[in-house]
Every structure is written in structure tokens, then in C-alpha cells.
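Student: Can you look at this prediction? I've put the sequence above it.
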Amino acid sequence: MKFVVSRTSYRTDKICPVLGAIKETSNIYKDIRMWSSLEEARKHPAGVRFLEDKSRRNFREEGGFVVADYDYVEWTIEINSLEELLSLSREEGELVISGTGSYPSIEIYDDYRE
């Protein structure tokens, strides 16, 4: 079974969280901003930066907001048995497992967070 894997201590997707993880471009996500129109966004410096962001595409007005699509990059790992999951826990420490997102996720809880 495929899991998204991350570490509490890493605040970036640029560092592989665990040996064997694979970096994947996941689902298309929506970036929703509070401007009511593209024209309004073009009047603000932050709006201009948003509209010029090369990682965003398909800028549009949707539901009274300015929306763009972007690809989300995440690390995934294949775990096929409870034994493999327990082995990961023994090697890496405490794990937090949740079921939201594109795949279930495993967070290697190696730092404090609220």
C-alpha cells in the first residue's frame, strides 16, 4: 500500500524523509486567493506576484475568488505489511498515521509540533 511519508522536523519537500521514499507529483490542487477578479489581483503587488508565479497555471475567477491550479509534490513509500510498518517504526521512531489526502500518510514524529 502506498503512503505519503514526511518528517515533523522537515519543513520542505526537497529532503527525502526516509530511505526508499520516492518523490511524486501528486494531484492538482487549487490555490484560492481573496481577490474577487483577475483585474483586482493585477492592482496589488502580491496579486501580480501570484499571477506571475510559474508554478501556478490556469488562472481564473471562480466563486468570487481568483483561483489557480498547481501540482503538489510529496514523498511516498510502499508498505505492504504490518511487519514492514513496525520495522519502519523501530528504525525511525514514533509514527503518526492518518487517512486524509491523496494517500494515507505516515509522519515520522521526530520533533515537537502542536
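Tutor: Yep, it's here.

Student: from here on, contacts and neighbour counts on C-alpha atoms
Tutor: Fine.

Student: Other residues contacting the helix or strand hosting Tyr29?
Tutor: In the assignment (DSSP states H and E), Tyr29 maps to strand 22-33. By Cα atoms under 8 Å, 6 or more residues apart in numbering, the residues outside strand 22-33 that reach it are 16, 65-77, 102.

Student: again, only this time at 6 Å
Tutor: Contact partners of strand 22-33, identified using Cα atoms under 6 Å, 6 or more residues apart in numbering, comprise Phe65, Val66, Val67, Ala68, Asp69, Tyr70, Asp71, Tyr72, Val73, Glu74, Trp75, Thr76.

Student: tell me which residues of the helix or strand following it are tucked away?
Tutor: Following strand 22-33 in sequence order, the next helix or strand is helix 38-42 (DSSP H and E). Buried residues in helix 38-42, counted by 16 or more other Cα atoms under 10 Å: Leu38, Ala41.

Student: So for the helix or strand following helix 38-42, mean pLDDT?
Tutor: Next in sequence after helix 38-42, counting helices and strands by DSSP H and E, comes helix 45-52. Averaging pLDDT along helix 45-52 yields 96.

Student: picking up where we left off before, pick out the most distant pair among the contacts of strand 22-33.
Tutor: By the measure Cα to Cα, Phe65 and Thr76 form the most distant pair in those, at 32.0 Å.

Student: which helices and strands does the lengthiest strand in the chain pack with?
Tutor: Counting residues, the longest strand found in the chain (DSSP state E) is strand 65-78. Counting contacts by 3 or more Cα pairs under 6 Å, 6 or more residues apart in numbering; DSSP states H and E, strand 65-78 packs against strand 2-7, strand 22-33, strand 57-62.
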